[in-house]
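# What would the 3D arrangement of this be:
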Amino acid sequence: MKDQRTLESSLAPKACKILCSTFGELAGSEALTRALVAERAGDAEGACFWAGVYHLIAKKVSADGVAPEAEFRP
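Predicted structure coming up:
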């Protein structure tokens, strides 16, 4: 069985790609909204996962200097 952190690390880039292709420049906002909803629902692991997804999106924006796009590559 995979360690939870290994599973999350493999899913986060996939979640980034999906959010970026679906929400475009609002992908970061969507990730933070999902983190907030998870936290309010008492799902600390889910909140951390979505905060991590936001971190990947923010790194992409910071590195490129542009909003995320459909062609997200971690």
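# element containing the most centrally placed residue in the chain?
Nearest to the mean C-alpha position of the chain, counting by Cα atoms, centre = their mean, stands Val53 at 2.0 Å. For Val53, the enclosing helix or strand under DSSP states H and E is helix 44-64.
# was I right about Leu56 contacting Cys16?
Yes: under the criterion of Cβ atoms under 8 Å, Leu56 makes contact with Cys16 at 4.8 Å. Every residue, glycine included, has its C-beta placed from N, CA and C.
# between those two, who's got more neighbours?
Set Leu56 next to Cys16 and count neighbours by other Cβ atoms under 10 Å: Cys16 wins out with 25 against 22.
# Pass me the low-pLDDT residue ranges in this structure, would you?
In the prediction, the chain carries residues with pLDDT under 70 at positions 1-9, 65-74.
# one step back: so what does the helix holding Val53 touch, helix or strand wise?
helix 4-23, helix 27-40 (3 or more Cβ pairs under 8 Å, 6 or more residues apart in numbering; DSSP states H and E).
# Just name the most buried of these.
helix 27-40 (a mean of 18; mean count of other Cβ atoms under 10 Å).
# Could you report the separation of the residue nearest to Leu32 when sequence neighbours are not counted from Ala15?
With sequence-adjacent residues excluded and distances taken as Cβ to Cβ, 6 or more residues apart in numbering, Leu32 is closest to Tyr54, at 5.3 Å. Distance, Tyr54 to Ala15, using Cβ to Cβ, to the nearest Å: 10 Å.
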